[in-house]
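*Asks:* Coordinates for the following, if possible.
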Amino acid sequence: MPLDALVTLWPQFLALSTFVVSILAAGHAVLYKRDTRAAIAWVGFIWFVPIFGSLLYLWLGINRVNRQARSLRDVRHLLPVHTTDARVAPDDKAIHKLGPHLTHLARLVGKVTRYPLLGGNAVAPLPPDQAYPRMLRAIENAQKSITLATYIFDNDRAGRRFTEALAAAVARKVQVRVMVDDAGSKYTWPPILYRLRRAGIPYAPFLPKLTPWAFAYANLRNHRKIMVVDGALAFTGGMNIRDGHWPAMTPKNPIEDLHFQITGPVVTQMQHAFAEDWLFCKAERLEGELWFPDLQPVGEVIARGIPDGPDADFENLCTTLLGALSCADSSVRVVTPYFLPNAGLITALNLAAMRGVEVDIFLPQKNNLRLVQWSSAAIVWQVLEQGCRIWLTPPPFDHTKLMLVDDAWTLLGSSNWDPRSLRLNFEFNIECYDPALAAELKTVVEKKRAASKPLTLADVDGRSMAVKLRDGCARLASPYL
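*Replies:* Numbers count the residues shown, from 1 in each chain. This is a model prediction of the structure:
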């Protein structure tokens, strides 16, 4: 084609290319955007801002986190679920007597997870002064195997104590596997990983980032906290491995938190979650009696693991929270360090309060993440307005993650009420049906209430205009906090 013809026709080629790209981008938004308002907004932007609108949709409008997680952790290679004979039907008498509404919740959670409901478990809450000593003692007494997954593993006094205990277990011929999130391992420098390597401890960093431009994986973090000893004794909750969680270290910045010791058949599900992550990281399958012994009933707690992440377990946690709020009959107590719920959870909290359910939310008075605190301050009016109550716990920073419903159902584990936990990271939680456990944890929560200051709608409205604008701008970043 002559050059002068190309010069003449290039506007037509550009127009045609713009039209085709806009058709493809708008079609994708129509087909895959769940929110109708978001779909309309993107379609309008794509057509009224040619080229740039399509490019912006390609950059921000497509949920690559979920796609990347699914491609990274191919669901076809997930380990089969290890089960025991201690199953409990959702309509079992033991659950039904707690309240018929909880049978609906048990059925819901069963449908969104891959795990059965298991009876015969024992769950012991561990405050900061007890958690690490109990965990270290379990490592020291291990006979066969230890698996440990954590988000943060600091190279400090606490981290070195755990490293020494794990190294001693390796020297005793105990099979040890340690998995640390790569981002979480870099909270201290040099990272603890070099100590693990020097000690001969088999370890794996979760999704290591070798280049600073690998920002696409920044959200795919493994936030789970799981330790299983001899396949039978387990620990989980909110605690990472760092000085701040251990009062005996007299840390400069102490952290209030709660961990749990768990025994019984549900430990198998905790081990299974670790084994899947380890298979992904190291291509090693952890199977057999060494890792999955036959576990007998040891207590009265009916429990089930709830794996959550941006892959095959996408939005398991959010669905569970929505189900629990919709089933609540008398009370809901939520303790979380980061409170940035999505619109659906805000609506569910408000509906529960409007039905007459007592909804109490406990947040730190001073957060360790300033942007999160500002963003949270910009949205709390939405739940205060409808009768939910918010309590601000005094320092030290409270990192506890807990939810209680009707003094009978407990949710514990690693998740926060923020977009990172609800959509972007890998989490593991456990639901428990047991009034005795709920009563024990209610005492913990009531102790927090006694020391807390209520946050009222007048307090929120009384902020200066400058502070409101600051908080409102921070809220715009809430999907990424």
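*Asks:* can you list the weak-confidence ranges in the stretch 101-250 of the chain?
*Replies:* Per-residue confidence for the stretch 101-250 of the chain (pLDDT under 70) gives these ranges: 209-219.
*Asks:* same question but for the stretch 351-481 of the chain, I mixed them up
*Replies:* When residues are selected by pLDDT under 70, those of the stretch 351-481 of the chain lie in 479-481.
*Asks:* State the helix or strand in which residue 293 lies.
*Replies:* Residue 293 is part of no helix or strand when elements are defined by DSSP states H and E.
*Asks:* check contacts around it.
*Replies:* For residue 293, the contacting residues are 230-232, taking C-beta atoms under 8 Å, 6 or more residues apart in numbering as the criterion. Just so you know, the C-beta spots here come from the backbone N, C-alpha and C atoms, and that holds for glycine as well.
*Asks:* Kindly report the same for residue 205.
*Replies:* When the contact criterion is C-beta under 8 Å, 6+ apart, the partners of residue 205 are 179-182, 185, 193, 281.
*Asks:* Ranking by neighbours, what's the top pick from the contacts of residue 293?
*Replies:* Sorting the contacts of residue 293 by how many neighbours each has (other C-beta atoms under 10 Å) puts residue 231 first, at 24 neighbours.
*Asks:* quick one: that residue and residue 145 touch, right?
*Replies:* Yes: Residue 231 is in contact with residue 145 according to C-beta atoms under 8 Å; the separation is 6.1 Å.
*Asks:* okay, and the common contacts of those two?
*Replies:* What both residue 231 and residue 145 touch, as defined by C-beta under 8 Å, 6+ apart, is the set 290-291.
*Asks:* right, and the helix or strand after the helix or strand where residue 120 lies?
*Replies:* Taking DSSP H and E as the definition, one finds residue 120 inside strand 118-126. Moving toward the C-terminus from strand 118-126, the next helix or strand (DSSP H and E) is helix 128-140.
*Asks:* List the neighbours of the helix or strand following that following helix that are in contact with it.
*Replies:* For helix 128-140, the following helix or strand on the C-terminal side (DSSP H and E) is strand 145-150. Residues from elsewhere that reach strand 145-150, judged by C-beta under 8 Å, 6+ apart: 139, 162, 166, 169, 174-181, 184, 222, 224-231, 240-241, 271, 274-275, 277-278, 286, 290-291.
*Asks:* From the chain's centroid, how far away is strand 145-150?
*Replies:* With C-alpha atoms, centre = their mean, to the nearest Å as the basis, strand 145-150 stands 18 Å off its chain's centre.
*Asks:* Taking helix 128-140 as reference, get the angle to it.
*Replies:* Orientation check (axes from the mean of the first three to the mean of the last three C-alpha atoms, to 10 degrees): strand 145-150 against helix 128-140 gives 140 degrees.
*Asks:* mind listing what strand 145-150 pairs with, with the direction of each?
*Replies:* strand 175-181 (parallel), strand 226-229 (antiparallel) (DSSP bridges).
*Asks:* so can I have TSV of those strands showing mean neighbour count?
*Replies:* Shown next, in TSV, are the strands paired with strand 145-150 (neighbours: other C-beta atoms under 10 Å):
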stretch	mean neighbour count
strand 175-181	23
strand 226-229	25
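*Asks:* Show me the one of the ones you listed that comes nearest residue 445.
*Replies:* strand 226-229 (23.9 Å; C-beta to C-beta).
*Asks:* re the thing from before, with distance to residue 387 added, can I get the strands paired with strand 145-150 in TSV?
*Replies:* Formatted as TSV, the strands paired with strand 145-150 follow (distance: least, C-beta to C-beta, whole Å):
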stretch	distance to residue 387
strand 175-181	38
strand 226-229	37
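*Asks:* Which one of those strands lies nearest to residue 29?
*Replies:* strand 175-181 (32.9 Å).
*Asks:* that older thread, could you point out which of the strands paired with strand 145-150 sits nearest residue 152?
*Replies:* Using C-beta to C-beta and comparing the strands paired with strand 145-150, the one that lies nearest residue 152 is strand 175-181, at 7.6 Å.
*Asks:* The strand holding residue 120 vs helix 128-140, what angle?
*Replies:* Computed by the same axes, to 10 degrees, the angle between strand 118-126 and helix 128-140 is 120 degrees.
*Asks:* Summarise which helices and strands strand 118-126 is packed against.
*Replies:* Contact here means 3 or more C-beta pairs under 8 Å, 6 or more residues apart in numbering; DSSP states H and E; on that basis strand 118-126 packs against strand 259-263, helix 267-282, strand 301-308, strand 427-433, helix 435-451.
*Asks:* now that strand against strand 259-263, angle please.
*Replies:* Going by the same axes, to 10 degrees, strand 118-126 makes 150 degrees with strand 259-263.
*Asks:* buried stuff in strand 118-126?
*Replies:* By neighbour count, with 16 or more other C-beta atoms under 10 Å as the criterion, the buried positions of strand 118-126 are 118-123, 125-126.
*Asks:* Mind telling me the two of the residues you listed farthest from one another?
*Replies:* Between any two of those (C-beta to C-beta), the greatest distance is 22.3 Å, for 119 and 126.
*Asks:* Same question for the residue most central in space within the chain, what's its three-state structure.
*Replies:* In the chain, the C-alpha nearest the mean C-alpha coordinate belongs to residue 415, at 2.9 Å (C-alpha atoms, centre = their mean). Each residue gets one of three states, and residue 415 gets coil by DSSP: H, G, I helix; E, B strand; the rest coil.
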